[in-house]
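1. can't give you the sequence, but here's the structure:
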């Protein structure tokens, strides 16, 4: 069906000379058929269709072009893809465009899966599946099953993964869509591979390879060849594995498919290690390292360093082993830092898109002058956005806590090297009185030991600081109302938003003597974050932010001051109301101060602001010191 569909659509397109909505629909449908296999052609067509829809003021055509743009940005530019897809999804839901709704959901699902929002990803995929089943669209029903299969595989739920891939194959096997069939067969092979059913895995992988070859789809062919090589490695059939890996590598190098070529080189390095051809293993891993560094594929760089360190240990080249362990440690820190930054960006992207969807509903209600409902939606919006941010941060904290195994592994490896060198030194010292030259070598080794220990301490301190800051900020595993150290909350917040503070801004802390008090800890941390981000945004260029705490008249007071641009007097009256602002082409809802005010009101406190244009602003929070006496019900909730 695939080739015929494309040929038929192209034939119909050539018969329509004038710009019409029908022509726009054909172009958009053709782009959707091409976006996976011929992105260049699809990109040209989407520009043509988008311009035509704009000229005709054809709303459905414009939305479907947006959806196609989102598809073309996936998977390499998901931050660009998601806004297009979300806008298209909202319109399709409202206007009962069922196919459009299914298509938007099936691409949103893997994007938010990558963000770590697994529940939303599964919900989007299952919604797409329901739509395709109702529309009797077997092709995309089958493709949706393959997406679900990959999700369950990532979750290590291999039985569910296998069943999803099987259902996908059943839907696709009688449809002339070879790419879909090859994906489901590859999925079945991978699921059996992870379950240890290597003979079955090979059968499915070979079928997928045959399809890719019949399509002359070289990338898919190289992927299947490499998968087969890995399976043969598991079966200890190393000659067969070598042949498949080498064929895969040749194709990937021919296509300049660098990231995939690095993967195959790493697999070859592993194969030669298993067969005790350590020189060849070193060569493969060195090539993988050079290629990965060239394209800045840091996870593969880390794999190569780890493999080279292990090989040099086997060969008792301890200096080289230590060199690669140090390099591994450095790369893992880079990956860890970039991962945290990317997760924060992803969280912000999801938050902004959810806010935008609510904004659209708010504007719709405003157009029919439902002011009371609008006000309620404003409040609900602020609560949803803020609680969503905290859930996202909680997920982030859990994810990072899970990932600390990697730097801890680096520490253990470093300690292992230190112990080996120490053992050698001890043995030499016990056996004879070394001459001066040898003694100098011992001193050099001792310095290596000391440097290694220092690296270990640095890594441990970094891990502990980041994890403690995240846990202290979210406090999702503790009672909501509890005794808290507000200074610790401010410090944790500053650690988390440190990447947002420009070097030109100085942050000064003037902490007074204040006791620990009962508060809703994670909500107070939200207030600190909102006020500090506000201060950063209000201070372009050089400037300073001061945080001052003190006790006054039975209240804990926290001041956040900035030397920024200040707030005009006419804005102060509405400062704490939710509103909207424009950021380039986007309209965003601003709820930070509104939410902060509600949180402080919940604490029976108050928040004041003093500002002078051109001089800066000071926000002052005051909260009763004896809040547990004023909110006895909160105390009871905190005990459960």
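-> Good, I have the coordinates. This is a predicted model, so every value here is computed, not measured.
2. quick one, helices of the stretch 451-600 of the chain?
-> 486-496, 521-537, 569-572, 592-602 (DSSP state H, counting those that start in this stretch).
3. any idea which of those is most buried?
-> Ranked by mean neighbour count, the helices of the stretch 451-600 of the chain are led by helix 521-537 with a mean of 23 (mean count of other CB atoms under 10 Å). In short, each C-beta sits where N, CA and C put it, glycine included.
4. show me what that helix is packed up against.
-> Other helices and strands packing on helix 521-537, by 3 or more CB pairs under 8 Å, 6 or more residues apart in numbering; DSSP states H and E, are helix 371-403, helix 436-474, strand 481-484, helix 486-496, strand 543-552, strand 555-562, helix 592-602, strand 616-624.
5. distance from the chain centre to the third one, please.
-> Yep, that's strand 481-484 we're talking about. Between the mean C-alpha location of strand 481-484 and the chain-wide mean there is a distance of 31 Å, by CA atoms, centre = their mean, to the nearest Å.
6. how about residue 236, secondary structure?
-> Under DSSP: H, G, I helix; E, B strand; the rest coil, residue 236 falls in the coil class.
7. since we're on it, how many residues are nearby?
-> 10 (other CB atoms under 10 Å).
8. and it, how far is that from residue 18?
-> As judged by CB to CB, to the nearest Å, residue 236 and residue 18 stand 65 Å apart.
9. same deal with residue 124?
-> Using CB to CB, which is the criterion applied here, residue 124 is 37 Å from residue 18.
10. what do you get for residue 448?
-> Residue 448 is 77 Å from residue 18, by CB to CB.
11. tell me, how many residues neighbour residue 112?
-> Residue 112 has 23 nearby residues by other CB under 10 Å.
12. for this structure, where's the lowest mean pLDDT among helices and strands?
-> strand 586-590 (a mean of 42; mean pLDDT, DSSP states H and E).
13. can you check the pLDDT for the residue most central in space within the chain?
-> Residue closest to the mean C-alpha point of the chain, counted by CA atoms, centre = their mean, is residue 115 at 3.7 Å. Residue 115 carries a pLDDT value of 70.
14. now do residue 583
-> At residue 583, the model reports a pLDDT of 45.
15. check residue 54 too.
-> 93.
16. doesn't residue 63 make contact with it?
-> No - Residue 54 is beyond contact range of residue 63, at 11.7 Å (criterion: CB atoms under 8 Å).
17. who's more crowded, the two?
-> Between residue 54 and residue 63, residue 63 has the larger neighbour count (other CB under 10 Å), namely 23 against 13.
18. remind me what the helix or strand hosting the more buried one packs against, helices and strands.
-> Taking DSSP states H and E as the criterion, residue 63 maps to helix 59-73. Under the contact criterion of 3+ CB pairs under 8 Å, 6+ apart, helix 59-73 touches helix 21-34, helix 39-56, helix 78-94, helix 98-114.
19. buried stuff in the last one?
-> Pointing back at helix 98-114 there. 99-113 (16 or more other CB atoms under 10 Å).
20. also the first one?
-> Within helix 21-34, the residues scored as buried using 16+ other CB under 10 Å are 23, 24, 25, 26, 27, 28, 29, 30, 31, 32, 33, 34.
21. where in the stretch 501-640 of the chain is pLDDT low?
-> Applying pLDDT under 70 to the stretch 501-640 of the chain flags the ranges 578-592, 634-640.
22. can you rerun that using 80?
-> 522, 573-574, 576-592, 594-595, 632-640 (pLDDT under 80).
23. quick one: residues contacting residue 184.
-> 142, 145, 146, 149, 165, 168, 169, 172 (CB atoms under 8 Å, 6 or more residues apart in numbering).
24. pick out the most distant pair among the residues you listed.
-> 149 and 172 (12.1 Å; CB to CB).
25. out of residue 124 and residue 18, which sits in the more crowded spot?
-> Shown here are residue 124 and residue 18; by other CB under 10 Å, residue 124 has more neighbours (25 against 6).
26. part of a helix, is the more buried one?
-> Yes - under three-state DSSP, residue 124 sits within a helix.
27. any idea how far it is from residue 55?
-> 32 Å.
28. count the neighbours of the residue nearest to residue 110 when sequence neighbours are not counted for me.
-> Excluding the flanking residues, the one nearest residue 110 by CB to CB, 6 or more residues apart in numbering is residue 147, at 6.2 Å. Residue 147 has 24 neighbours, counted by other CB under 10 Å.
29. for residue 147, give me its contacts.
-> Counting by CB under 8 Å, 6+ apart, residue 147 has contacts 106, 109, 110, 125.
30. go through the helix or strand hosting residue 253 and flag the buried ones.
-> In the assignment (DSSP H and E), residue 253 maps to helix 238-254. Residues of helix 238-254 classed as buried by neighbour count (16+ other CB under 10 Å): 238, 241, 242, 244, 245, 247, 248, 249, 251, 252, 253.
31. tell me how far it is from the chain's mean position?
-> Going by CA atoms, centre = their mean, where helix 238-254 is centred and where its chain is centred differ by 32 Å.
32. same thing with stretch 627-634?
-> So, by CA atoms, centre = their mean, the centroid of stretch 627-634 is 39 Å from its chain's centroid.
33. what does stretch 16-30 give?
-> 37 Å.
34. residues in contact with it?
-> For stretch 16-30, the surrounding residues in contact (CB under 8 Å, 6+ apart) are 6, 9-10, 12-13, 45-46, 48-49, 52-53, 55-56, 58, 60-61, 64-65, 67-68.
35. tell me the spacing between residue 208 and residue 16.
-> Taking CB to CB, one finds residue 208 at 38 Å from residue 16.
36. more crowded one of those two?
-> Each of residue 208 and residue 16 has its neighbours counted (other CB under 10 Å); residue 208 has more, 26 against 13.
37. tell me which element the more buried one is part of?
-> helix 198-215.
38. what count of nearby residues applies to the closest residue to residue 155 other than its chain neighbours?
-> Nearest residue to residue 155 in three dimensions, chain neighbours excluded: residue 118, at 7.5 Å (CB to CB, 6+ apart). Counted with other CB under 10 Å, residues neighbouring residue 118 total 14.
39. which of the contacts of residue 184 fall within strands?
-> If you go by DSSP state E, the contacts of residue 184 have nothing in strands.
40. restricted to helices, list those residues.
-> 142, 145, 146, 149, 165, 168, 169, 172 (DSSP state H).
41. wait, the second one sits on residue 161?
-> No - the pair residue 145 and residue 161 does not pass the contact test of CB under 8 Å, sitting 10.4 Å apart.
42. buried ones in stretch 537-550?
-> Result for stretch 537-550 [16+ other CB under 10 Å]: buried residues 538, 539, 543, 544, 545, 546, 547, 548, 549.
43. and the end-to-end length of that stretch?
-> Distance between the two ends of stretch 537-550: 25 Å, counting by CA to CA, to the nearest Å.
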